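Chemist: What would the 3D arrangement of this be:
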Amino acid sequence: ARPAPSPVPPPAHPTYDLSAVIALALSEDAGDRGDVSCLATIPTDVKAEATFIAKEDGVIAGISLAEMIFNQVDPSLKVEWFEADGNYVHKGLQFGKVYGCAQSIIVAERVVLNFMQRMSGIATMTKAMADAARPACILETRKTAPGLRLVDKWAVSISFSCGHSSLLVLCPSL
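Modeler: As a prediction, this is how the structure comes out:
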């Protein structure tokens with residue numbers, strides 16, 4: 001049930017450290033104290049399973065990044081995906097699940113969902129624009145969010161990997 005990893009590796013740039021971006025996102029979310037509500041209410045030995053369910057139709061993107069985040073939070077978490085980056089999903093579809101320490105899942109899930117929602121939105125809109133522009137080509141640009149430039153470009157590349165020939169992806173530049 002576990003599809004192949006993302007058909008598109010993260011874009012590389014000599015000044016971009018994806019692990020540092022993940023660490024910053026986790027730090028912004030939980031700070032140096034961790035998730036205080038979770039720590040106060042859930043014993044450390046409690047195991048849980050959480051499922052990923054599509055809230056809308058669209059192109060899924062960020063699965064590979066989610067794997068990195070879960071691994072950075074707690075390498076013992078088990079993640080299973082039923083779809084791959086670049087697949088089109090429909091509202092209500094369960095496309096993955098994670099199992100392990102409940103506290104770890106809660107710490108990671110908000111950051112995972114924030115990245116996946118952003119990347120899936122970009123991939124979905126890119127597909128829509130590329131389809132609408134056909135036979136013309138859409139060129140992606142540097143107009144991305146600071147700190148998230150390569151994550152945004154990764155989402156565009158994932159959309160391109162779906163076989164949208166009217167999309168031309170340029171090499172990443174900051």
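
Chemist: Three-state assignment for the residue lying farthest from the centre of the chain, please.
Modeler: The outermost residue of the chain relative to its centre, with distances by C-alpha atoms, centre = their mean, is residue 135 at 29.0 Å. Following DSSP: H, G, I helix; E, B strand; the rest coil, the label given to residue 135 is coil.

Chemist: Give me the pLDDT for it.
Modeler: Per-residue confidence at residue 135 stands at 84 (pLDDT).

Chemist: What are the contacting residues of stretch 99-108?
Modeler: Stretch 99-108 is touched from outside by 26, 29-30, 34-35, 38-39, 42, 44, 46-50, 69-70, 73-74, 76-80, 98, with contacts defined as C-beta atoms under 8 Å, 6 or more residues apart in numbering. Any C-beta I mention is one placed from the backbone N, CA and C, and that applies to glycine too.

Chemist: what mean pLDDT does it have?
Modeler: Stretch 99-108 carries an average pLDDT of 94.

Chemist: Repeat that for stretch 83-90.
Modeler: 94.
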